[in-house]
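Trainee: Fold the following.
(chains A, B, C and D)
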Protein chains: 2
Amino acid sequence: MTGPVTGLGRNLDGVRRGNLSAVLGLVHRTGAASRSQITQLTGLNRSTVAALVGELVELQLVVENNPEATNRVGRPSPVVTPHQRTVAIAVNPELDAITVGIVGLGARVVRRVRREVDHPVTPHETAALIAEVVAELAGDLVDRHVVGIGLAVPGLVRSVDDTVRWAPHLNWIDSGIVPLVESATGRAARAGNDASLGGWAEHLFGVGQGIDDLIYLNGGASGIGGGVISGGRALGGHSGFAGEFGQNRPGFADTADRRTPNGTLEDEVSRARLLAALGLSGGDEATLEAALLSTVSPAVREELARQRRVLAVALSNAINVLNPELVVLGGFLASVHASGPEGLEADVAAQAVPAAWEGTRICSAALGEDRLMIGAAELAFSALLADPASEG
Amino acid sequence: MTGPVTGLGRNLDGVRRGNLSAVLGLVHRTGAASRSQITQLTGLNRSTVAALVGELVELQLVVENNPEATNRVGRPSPVVTPHQRTVAIAVNPELDAITVGIVGLGARVVRRVRREVDHPVTPHETAALIAEVVAELAGDLVDRHVVGIGLAVPGLVRSVDDTVRWAPHLNWIDSGIVPLVESATGRAARAGNDASLGGWAEHLFGVGQGIDDLIYLNGGASGIGGGVISGGRALGGHSGFAGEFGQNRPGFADTADRRTPNGTLEDEVSRARLLAALGLSGGDEATLEAALLSTVSPAVREELARQRRVLAVALSNAINVLNPELVVLGGFLASVHASGPEGLEADVAAQAVPAAWEGTRICSAALGEDRLMIGAAELAFSALLADPASEG
DNA sequence: ACGATTTTGTTGCCCTTGACGCCAAATCAC
DNA sequence: GTGATTTGGCGTCAAGGGCAACAAAATCGT
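Mentor: Take a look at the predicted model:
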């Protein structure tokens, strides 16, 4: 019935698939949309939308409810919301812990479990651990349809086969984590780069909603990762390794600002240097930010100023090349920005192509801890969203 | 008959439009394709392709010819080629001259006229000059259908309305060149950034054929411009200003390599510095390259080596972020690369993320002087290629 | 030289799908 | 309560691509 998706040619099946995908995607992204809204936003005919929504209801992917008190003239339009039944399992393996979550359509995080580990886990151990946690979550999965497992991996993930090419933090090299997870859990799995998925999540559900050209930079304990959204699509590059801003070598306006022989962004602008300046050994993001914003220590303030100056060059370079509408900063980079937004933005304004910078804003990420769960789930949902009729 | 192209929803008209566009685009990009090839590449049915080609023939956009001696079993498939009738006028205004060309579908450059100017021309003068040259070319345009005029402008062009936001070389600021050209010539016009269009041309017809992720850097007398192709689409960014690699500030492995306080790529890696080292005052690309590759002067070789080192950092940064399959270098940058490809590539290999660099090649641009004509024409053809039935 | 084989254009029919028009339903304003 | 407005529901329509059978044009084998 459904033809192959080969080639450039459009197909009548493709129209149906595309429309079903558009409607489900709309409901997924907005969380809830009335049928009349769907009609307007898709540009399709009312009767067509009715048929599409009807099919999605039959597929148990969405539900229709009567709205309460719209305060508007005219016959009320049923509100279409994602069906609670359909969920994805999101996984984020990290050095110190593995986080597993259950995420429904509409980016509703149902559950999140963090399992600490006391030693760096191998891919095999990771797969076993995931299977273990998923088994524990079985209670949350009864009467639910699990589309699959999405992994947000802190490393380079090859896009053709979701192989982890290099995850320095976990010490994984050329790891076929996906088949391991699939055989351990019996469920379909996908993997992607954590920062790219985080950027995608911010684009769909965070500060980047409705913004089709943005760059996302996340500052974590292990370095700086990033993702690029261009024209509403995630920029992966040839192999899916795009977005490695942390390995870039920005210029230095003042050579005295340079701290390392390499001069890579993540060596110069780092959480570790901030902690060292503060005299701390660790702590979560919120306490770090509080300490940074309330400090009176000249040394800390100078280190912050230095990191802002270096970050400004890196952002200017990115803005020149990508001309984003929005720069989203996550993790400690948000704190670095917050410590002196005017100074940072003035530096960017001075160094970026003026026209490219004009339309650009810099802001902090919004989704917090759910970001990677949502991003990873998005990966698991992607096949369903692209072709809602193919799966039950 | 043809519905609006609004929203996310696909439409039956859209199918026809899309298929017509796919077939015409295929013929345009390949220069000639048999009907059976079109059938295979589009994935459409033979009868559908026949109908589509038939419509394009009726629209006088393509012609069908019997192939000569295929030496293959089976009934020979008619070869579909672009109709000679349909052409675009390509314009490249520069500081010292304006180049106007006639380019047919399939990127066939029919004519190219270079009109020298002795002073920097204003937008008004440019429009008048274009109209003058186009009038002179009237002989080449009889019995031809001109889809419009495409301008490859050395400056930032806003994508929403093709306004020239900033063209430092021409000293144009916020210039509505498009309406000026339209009223001077009575033809529809479009404008775009020269380097971005050059990159697009290399992607479609040059060394980047079939490569969907590439970056293009062109070294000209006035600086370094660039374009990014990602996922087969030109990356424009929010306003269309993307690709300004020349304004980037790369890091310096050795601070002694730095020549300017700014440290922007195009100030550090420049044609002017090469000419100065050679003791020349000007000359075209070919003579510059010949001089550079045959020089025995240690000073020139050192300057080349320095520029290669700086360029390597800039390319590494771009490769980390964009993970291209191909880096295309044009203008004097191709010469800089050719002067020591191993050294440049070793530096990139040392500084880029290894996984991202692995699948990447660096090569010289292929299209030569026709590049900007083809790119500008592509802009004029774009509406026709997107919806072949809309225009005659 | 002539038929078999292979490949591909041609033709008529079918099915799917979205659009359109009319009617019914639900809410608000007066 | 009545009219205006908005929107869902249903039947009908038309357009477009898929499909299968047939025809045509080339090569290959004998």
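
Trainee: residues in chain A within reach of DNA strand D, list them.
Mentor: Within chain A, the positions lying close to DNA strand D (C-beta under 7 Å from any atom of the strand) are A:3, A:9-12, A:34-36, A:39, A:46-47, A:49-50, A:72-78. For glycine as for every other residue, the C-beta is placed from the backbone atoms N, C-alpha and C.

Trainee: if you look at these, which of them are in strands?
Mentor: Secondary structure defined by DSSP state E assigns residue A:34 of the residues of chain A next to DNA strand D to strands.

Trainee: Show me the domain layout of chain A.
Mentor: Following automatic domain parsing, one finds the domains of chain A at A:12-82, A:86-197, A:208-366.

Trainee: With distance to residue B:101 as added columns, please give these in a markdown table.
Mentor: Formatted as a markdown table, those follow (distance: least, C-beta to C-beta, whole Å):
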| stretch | distance to residue B:101 |
| --- | --- |
| domain A:12-82 | 38 |
| domain A:86-197 | 39 |
| domain A:208-366 | 28 |
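
Trainee: give me the residue from the stretch 151-300 of chain A nearest chain B.
Mentor: Distances from the stretch 151-300 of chain A to chain B, computed as C-beta to the nearest C-beta, single out residue A:237 as the nearest residue at 2.6 Å.

Trainee: Could you list the low-pLDDT ranges of chain A?
Mentor: A:1-7, A:69-70, A:391-392 (pLDDT under 70).

Trainee: Which helix runs longest in it?
Mentor: Ranked by number of residues, the top helix in chain A under DSSP state H is helix A:298-322.

Trainee: Neighbouring strands - and their directions - for the helix or strand following it?
Mentor: Going down the chain from helix A:298-322, the next helix or strand is strand A:326-331, by DSSP states H and E. Strands flanking strand A:326-331 in the sheet, each with its direction: strand A:214-220 (parallel), strand A:361-364 (parallel) (DSSP bridges).

Trainee: what are the C-alpha coordinates of strand A:326-331, in PDB please?
Mentor: Taking C-alpha atoms only, strand A:326-331 is exported to PDB below (Å, rounded to 0.1, in the frame of the first residue of the first chain):
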ATOM      1  CA  LEU A 326      18.900  33.100  18.200                       C
ATOM      2  CA  VAL A 327      21.900  31.900  20.100                       C
ATOM      3  CA  VAL A 328      20.900  29.600  23.000                       C
ATOM      4  CA  LEU A 329      23.300  29.100  25.800                       C
ATOM      5  CA  GLY A 330      23.000  26.200  28.200                       C
ATOM      6  CA  GLY A 331      24.800  24.900  31.200                       C
END
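
Trainee: which parts of the following helix or strand past it are buried?
Mentor: Read in the C-terminal direction, the helix or strand following strand A:326-331 is helix A:332-338, with elements assigned using DSSP H and E. Of the residues in helix A:332-338, those scored as buried under the neighbour-count criterion (16 or more other C-beta atoms under 10 Å in any protein chain shown) are A:332, A:333, A:334, A:335, A:336, A:337.

Trainee: ok, the residue of the stretch 101-250 of chain A found nearest DNA strand C - contacts?
Mentor: Residue nearest to DNA strand C within the stretch 101-250 of chain A: residue A:105 (20.9 Å; C-beta to the nearest atom of the strand). With contacts defined as C-beta atoms under 8 Å, 6 or more residues apart in numbering or on different chains, the neighbours of residue A:105 are A:24, A:27, A:28, A:61, A:82, A:83, A:86, A:87, A:381.

Trainee: Neighbours of the third one, how many?
Mentor: Residues contacting residue A:28 under the criterion other C-beta atoms under 10 Å in any protein chain shown number 26.

Trainee: Could you do residue A:194 as well?
Mentor: Residue A:194: 27 surrounding residues under other C-beta under 10 Å.
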